[in-house]
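Trainee: Show me the folded form of this:
(4 chains)
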Protein chains: 2
Amino acid sequence: MSSESKSLLELLEASPISARFSDADRKALHSLPVSLRRYPPHTVVYNQGDPVRSVYIINSGWGCVYRDLPSGDRQIIDFPLRGDSVGLRMPAAFNYNTYASITEMSVFEISQYALNAIVLQSPYLSSGIMGLMARQRAFLIEHLTNLGRRNALVRTAHLLLEMGARTKSNGMGTEKGYSCPLTQYELADALGLTAIHVNRMLRELREQNLVAFRYGEVEFINRPALVRLANFDENYLAIGMFMGFATSQLD
Amino acid sequence: MSSESKSLLELLEASPISARFSDADRKALHSLPVSLRRYPPHTVVYNQGDPVRSVYIINSGWGCVYRDLPSGDRQIIDFPLRGDSVGLRMPAAFNYNTYASITEMSVFEISQYALNAIVLQSPYLSSGIMGLMARQRAFLIEHLTNLGRRNALVRTAHLLLEMGARTKSNGMGTEKGYSCPLTQYELADALGLTAIHVNRMLRELREQNLVAFRYGEVEFINRPALVRLANFDENYLAIGMFMGFATSQLD
DNA sequence: CGTTGCCTTGATTCTCTTCAACAGGGGTGG
DNA sequence: CCACCCCTGTTGAAGAGAATCAAGGCAACG
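Mentor: Numbering: from 1, shown residues only, chains lettered A, B, ... in the order given. Okay, the predicted model is just below:
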């Protein structure tokens, strides 16, 4: 895979988060107990029903957050990538979804307890955390819209474009394409479709010379036409960076 | 309608938020410039594309947050009720969805600018804000799962149950039912269905003696059976109250 | 008293699922 | 080394579920 950071600070200052810290914030961050964890492919990080203990900032690799349903289906909520956060929610609660790796994955893990402390210390950091939450929220809303009001072809196109924009913004991909380790089953679980139908939609997109997803590579063939088909708007992804509540006082 | 608060403080201390403030927090809240606004039915509060200016805490009435699509369809993201928040995201950005009233609606409006200030002043309040964001996030995830992996009947049942749990938790409804001013068109836009099909699903639910939604009233006839049909789990709604990051230090 | 908004129902169409079968690659064990 | 299996991808045919098209109902409102 592409870039990977050695420290949380380095990751937060890199794209897409691009935080700019004061010395005080840096100091606070240094005192924060963080562990860099590695997970092999297809390993559960936390499970639906587990108590909430930690927050994760993804450093490298692909994973997915999903909800298992009693019917045996699952709904994939998101594929968090480098620079995304997982698990920012209330403590003293239980997880109502599962987070698992897809490829080998490295993440920075911060305990809820330590996070509480830093929220008390640095308003800039807490507003940064809100920024991360807002970013995840924007992904969710787009995903929701995708499932509710777009047909299978457009929906598939849209997801490929979204992951393209996200991989580009964190250095994992380019305008032309990106490496994507997802199976058609995983795509289907995210898109609310069957893998069989996803397969047909991918073929359709390929045959229309819009985008090819084969052998773990997404290749944009005719990006403008694909963007038009999917009515894709990159702007929603730009929001929610680290320039949080606190800094906007400068306006 | 049922309860309504005269001040933001009163609203925050009431169910479902149930905040407990220190004197310092109360003071900070008192200095916060808040305006109580009323909107007539079917009025836009902010529009897709407008710059972000304010955050809203709903006091009474029904509204909806939605995204308009170029196709002319729209996807309703959420129906925020008393005690819910709208617009908590990054400043210096644009809204990528619209917030409009459905019934007459009263909301507390706080400028982003003022909110920044309070985040700097009170860590407890900022963690409370994170709590509100986490709560909205839980709604989104459930809604997403609903659209992705449940059929029309179950999906409809689930939404009626969710709004039932939410109205109950903020005093607008009871175990037996609640007043619901939504049209079948609005339900359809939330559920990713056509109004015609929603109509059929409501009839089905009524004929199976599970729940009746008629004349603006949702009446749970056989709640246990309905909960079973929809695989409804109220717990996800319980998370994300005001007992935020900061307080959990007491653990 | 006609219009408008919301609800209701039937008939038809089409999107997506389900069921079924097969092909290629990678690993494993006999 | 090969037989076997599992996982992923691929394709076809049948069937279900929801959309679309069409029409009529009732109540509120000017």
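Trainee: ranges for the strands of the stretch 1-150 of chain A?
Mentor: Assigned by DSSP state E, counting those that start in this stretch, the stretch 1-150 of chain A shows strands spanning A:34-39, A:44-46, A:54-60, A:63-68, A:74-78, A:85-86, A:98-101, A:105-111.
Trainee: Generate CSV for those strands, with mean neighbour count as supplementary columns.
Mentor: Every residue, glycine included, has its C-beta placed from N, CA and C. Formatted as CSV, the strands of the stretch 1-150 of chain A follow (neighbours: other Cβ atoms under 10 Å in any protein chain shown):
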stretch, mean neighbour count
strand A:34-39, 15
strand A:44-46, 18
strand A:54-60, 22
strand A:63-68, 21
strand A:74-78, 23
strand A:85-86, 22
strand A:98-101, 21
strand A:105-111, 22
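Trainee: looking at these, which is closest to DNA strand C?
Mentor: strand A:74-78 (11.9 Å; Cβ to the nearest atom of the strand).
Trainee: Is that closest one positioned near chain B?
Mentor: Yes - with Cβ under 8 Å from any Cβ of the partner chain as the criterion, chain B is reached by strand A:74-78 at A:74-75, A:77.
Trainee: Dump those into JSON lines; add distance to B:Ile110 and pLDDT as well.
Mentor: Listed next are the residues of strand A:74-78 next to chain B as JSON lines, based on distance: Cβ to Cβ, whole Å; pLDDT from 0 to 100:
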{"residue": "A:Arg74", "distance to B:Ile110": "38", "pLDDT": "95"}
{"residue": "A:Gln75", "distance to B:Ile110": "34", "pLDDT": "97"}
{"residue": "A:Ile77", "distance to B:Ile110": "29", "pLDDT": "97"}
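Trainee: So for the residue nearest in space to the middle of chain A, what's the pLDDT?
Mentor: The centroid of chain A falls nearest to A:Pro80 when counting by Cα atoms, centre = their mean (2.5 Å). Per-residue pLDDT puts A:Pro80 at 98.
Trainee: Isn't it up against A:Val86?
Mentor: Yes - using Cβ atoms under 8 Å, A:Pro80 makes contact with A:Val86 at a distance of 5.2 Å.
Trainee: Spit out the residues that contact these two alike.
Mentor: Residues touching both A:Pro80 and A:Val86 (Cβ atoms under 8 Å, 6 or more residues apart in numbering or on different chains) are A:58, A:63, A:65, A:99.
Trainee: Please verify my assumption that the third one contacts A:Pro80.
Mentor: Yes - in terms of Cβ under 8 Å, A:Val65 counts as a neighbour of A:Pro80; the distance is 6.5 Å.
Trainee: hey, what's in contact with both of those two?
Mentor: By Cβ under 8 Å, 6+ apart, the residues touching both A:Val65 and A:Pro80 are A:86, A:99.
Trainee: if we can go back for a sec, nearest to A:Ala157 among the strands of the stretch 1-150 of chain A would be which one?
Mentor: A:Ala157 sits nearest to strand A:74-78 of all the strands of the stretch 1-150 of chain A, at 17.2 Å, using Cβ to Cβ.
Trainee: hmm, who's touching the closest one?
Mentor: With Cβ under 8 Å, 6+ apart as the test, strand A:74-78 has contacts from A:64-69, A:84, A:97, A:136, A:139-140, A:143, A:186, A:189-190, A:192, B:141, B:144-145, B:148-149.
Trainee: Those residues in helices, which ones?
Mentor: Within those, membership in helices is found for A:136, A:139-140, A:143, A:186, A:189-190, B:141, B:144-145, B:148-149, as judged by DSSP state H.
Trainee: How much space separates A:Ala165 from A:Thr174?
Mentor: Computed as Cβ to Cβ, to the nearest Å, the A:Ala165 to A:Thr174 distance reads 11 Å.
Trainee: Which one's more surrounded, the two?
Mentor: A direct count of neighbours by other Cβ atoms under 10 Å in any protein chain shown for A:Ala165 and A:Thr174 places A:Ala165 higher, at 20 against 11.
Trainee: thinking the more buried one is in contact with A:Glu234, fair?
Mentor: Yes - between A:Ala165 and A:Glu234 there is a contact at 5.1 Å, judged by Cβ under 8 Å.
Trainee: OK, contacts around the residue nearest to the centre of chain A?
Mentor: Contacts for A:Pro80 (Cβ under 8 Å, 6+ apart) come out as A:58, A:63-65, A:86, A:99.
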